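Undergrad: When you get a sec, could you give me coordinates for this:
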Amino acid sequence: MSRSYLSHAETVWAVRDVSLTARPGEFVCISGASGSGKSTLLNLLAGLDGADHGEITVAGARVDTLSETERARMRLETVGVVFQDHNLIEEFTAAENVALPLEVLGTDSRQALQRAGEELSRVGLAGLDRRLPRQLSGGQRQRVGLARAVIGDRRVLLADEPTGALDSKNSRELFRLIRSLCDQGVLAVVCSHDVMCREFADTAYEMVDGGLVACGSAERTMP
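TA: Predicted coordinates for the structure are as follows:
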């Protein structure tokens, strides 16, 4: 798949002839300099942007053929996205933020909040259901964002610089958490400048001028 943008002077290829295959339970780490195309690649996989050409299949669905409404539903049911800025709603508690995707899909509020509590426990935030985002640390807020991204048994996690605002300790804990989700069958594609990402990944790539280059075997050292 490829994606280009027209600047005042030339056509810029943000993603150029990229081929990527990833499977359930796999942790894929994509590194690369700012502007190399990592975020564009994730946006294409999430259906937040459209490719100039090429096929994109996620969990059996041809993303490039879906309507905007169908892509939005795919993100609610199948694909969760985490950004560097956790994008939590400041007026909502942690549980309310996590429950939101289920409620949008029509789940009863009480049941959605119960599921949210379970997801918060899974990411190590048991007992913090009623905390507002401003009452949480940066690492805790990212964990809430992660819980929201996988609630509802979503099978694909896309993360764009999820540790960009975290210190090394919290970064390691977040990567460890993503690793544990992969060990439970979630597919994670993580774009990150953080070299620590490769310690937890199964497969590593580098984005260079819109192209995807395999880095050989990842440097996974963590259980």
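Undergrad: which helices and strands does the longest helix along the chain pack with?
TA: Assignment by DSSP state H gives helix 168-183 as the longest helix of the chain. Under the contact criterion of 3 or more C-beta pairs under 8 Å, 6 or more residues apart in numbering; DSSP states H and E, helix 168-183 touches strand 27-32, helix 138-150, strand 156-160, strand 187-191, helix 197-200. (Glycine included, C-beta is placed from N, CA and C.)
Undergrad: Compare those and report which one is nearest to residue 173.
TA: With distances scored as C-beta to C-beta, the stretch of the helices and strands packed on helix 168-183 nearest to residue 173 is helix 138-150 (6.5 Å).
Undergrad: Show me which positions of stretch 196-216 end up buried.
TA: Judged by neighbour count (16 or more other C-beta atoms under 10 Å), stretch 196-216 contains these buried residues: 196-207, 210-212.
Undergrad: Let me know the closest of those to residue 145.
TA: residue 197 (16.8 Å).
Undergrad: just checking, residue 38 touches residue 191?
TA: Yes. Using C-beta atoms under 8 Å, residue 38 makes contact with residue 191 at a distance of 3.9 Å.
Undergrad: shared neighbours, those two?
TA: Common contacts of residue 38 and residue 191 (C-beta atoms under 8 Å, 6 or more residues apart in numbering): 30-32, 160, 207.
Undergrad: And the strands in this structure?
TA: For the chain, the strands defined by DSSP state E occupy 3-6, 11-15, 27-32, 57-58, 61-62, 79-83, 156-160, 187-191, 203-208, 211-217.
Undergrad: Which elements pack onto the lowest-mean-pLDDT helix or strand in the chain?
TA: Here the helix or strand of the chain ranked lowest by mean pLDDT, DSSP states H and E is strand 211-217, holding a mean of 81. Counting contacts by 3+ C-beta pairs under 8 Å, 6+ apart, strand 211-217 is packed against strand 203-208.
Undergrad: CA atoms of the strand it packs on as CSV?
TA: C-alpha atoms of strand 203-208 as CSV (Å, rounded to 0.1, in the frame of the first residue of the first chain):
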residue,chain,number,x,y,z
THR,A,203,9.1,-8.7,15.0
ALA,A,204,10.9,-5.4,14.3
TYR,A,205,10.8,-3.0,11.3
GLU,A,206,12.2,0.4,10.6
MET,A,207,10.3,3.1,8.5
VAL,A,208,12.7,4.9,6.2
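Undergrad: Sheet partners, orientation included, of it?
TA: Using DSSP bridges, the strands paired with strand 203-208 are strand 27-32 (parallel), strand 211-217 (antiparallel).
Undergrad: What is the distance between the first one and the centre of its chain?
TA: Translated: strand 27-32. Taking C-alpha atoms, centre = their mean, to the nearest Å, the mean C-alpha location of strand 27-32 is offset from the chain mean by 11 Å.
Undergrad: Now do it against helix 168-183, angle only.
TA: Between strand 27-32 and helix 168-183, the angle comes out at 130 degrees (axes from the mean of the first three to the mean of the last three C-alpha atoms, to 10 degrees).
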